[in-house]
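**Q** A predicted structure for the sequence below; I have some questions about it.
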Amino acid sequence: NAGVTQTPKFRILKIGQSMTLQCTQDMNHNYMYWYRQDPGMGLKLIYYSVGAGITDKGEVPNGYNVSRSTTEDFPLRLELAAPSQTSVYFCASNPGAGELFFGEGSRLTVL
Amino acid sequence: TQLLEQSPQFLSIQEGENLTVYCNSSSVFSSLQWYRQEPGEGPVLLVTVVTGGEVKKLKRLTFQFGDARKDSSLHITAAQPGDTGLYLCAGSTSGTYKYIFGTGTRLKVLA
């Protein structure tokens, strides 16, 4: 089982560049999430989605955008990258009131 | 704003010692989860508690949900080096699937 797949695993961006982190899940889960984790810290919720076509802001949405056109995919868009967005990004899915299943993470560095 | 504060932030103990990690909030949660995260990986679920006052045991780990569903604790008996990792609590409030994570407790068990 693939579970939650994130790409790319590593990326270096220059300040002001844009990029999209891809997230796909094959478990038919309605709920999907994007978190960021700074070194040694907990996870901060960026955006989440309760189903195709429905997204909502989390704790730290500024500088990011998401879309959910299908149940499987939940891409995270970074516009005008800043050094403060250097972090590890985790995508997760949830069947509903249960376990969060995480991808392996995407490590982003903005220089 | 929902906040989950964990204490202690760091803990370094000898093999065989007992320890307790706390997760506190001013918000009421419909469920609370505990995860463990290894370096370079996504968090993995340890347990979910849903009822105020609930106690769950998994081998040497004991989890408790506060009566008011605002706090939780994780107790490890006779810690082993394999318990080393980042421990995270996560909760969602009633009627939402917005999972917020705690600040994290980094545990190191020395052999």
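**A** It's in.
**Q** got the contact list for the residue of chain A found nearest chain B?
**A** Closest contact between chain A and chain B, by C-beta to the nearest C-beta, is at A:F102 (2.9 Å). Heads up, the C-betas are built off the backbone N, CA and C, glycines and all. Taking C-beta atoms under 8 Å, 6 or more residues apart in numbering or on different chains as the contact definition, A:F102 lies against A:V4, A:F90, A:C91, A:A92, B:G42, B:P43, B:V44.
**Q** now the buried members of the residues you listed.
**A** A:V4, A:F90, A:C91, A:A92, B:G42, B:P43 (16 or more other C-beta atoms under 10 Å in any protein chain shown).
**Q** need the nearest residue in space to the residue of chain A closest to chain B, chain neighbours excluded.
**A** Spatial nearest neighbour of A:F102, chain neighbours left out: B:G42 (2.9 Å); criterion: C-beta to C-beta, 6 or more residues apart in numbering or on different chains.
**Q** now A:I12
**A** In space, A:I12 is closest to A:T109, 4.8 Å off (C-beta to C-beta, 6+ apart).
**Q** let me know how buried that neighbour is, in neighbour terms.
**A** By the criterion of other C-beta atoms under 10 Å in any protein chain shown, A:T109 has 13 neighbours.
**Q** now it: which helix or strand?
**A** Here A:T109 sits within strand A:106-110, counting by DSSP states H and E.
**Q** mind checking how far that strand is from the chain centre?
**A** In terms of C-alpha atoms, centre = their mean, to the nearest Å, the centre of strand A:106-110 is set 12 Å apart from its chain centre.
**Q** buried set for that strand?
**A** By 16+ other C-beta under 10 Å, the buried positions in strand A:106-110 come out as A:S106, A:R107, A:L108, A:V110.
**Q** now do it: everything it contacts.
**A** Contacting residues not belonging to strand A:106-110 are listed as A:6-15, A:19, A:21, A:78, A:81-91 [C-beta under 8 Å, 6+ apart].
**Q** dump the residue contacts of the closest residue to chain A within chain B.
**A** Here the residue of chain B nearest chain A is B:G42; by C-beta to the nearest C-beta that distance is 2.9 Å. Contact analysis of B:G42 by C-beta under 8 Å, 6+ apart lists A:V4, A:F90, A:A92, A:F102, A:G103, A:E104, A:G105.
**Q** give me the pLDDT value at the closest residue to A:E79 other than its chain neighbours.
**A** Distances taken as C-beta to C-beta, 6+ apart place A:S18 nearest to A:E79, at 5.1 Å, with adjacent residues excluded. We note a pLDDT of 96 for A:S18 in this prediction.
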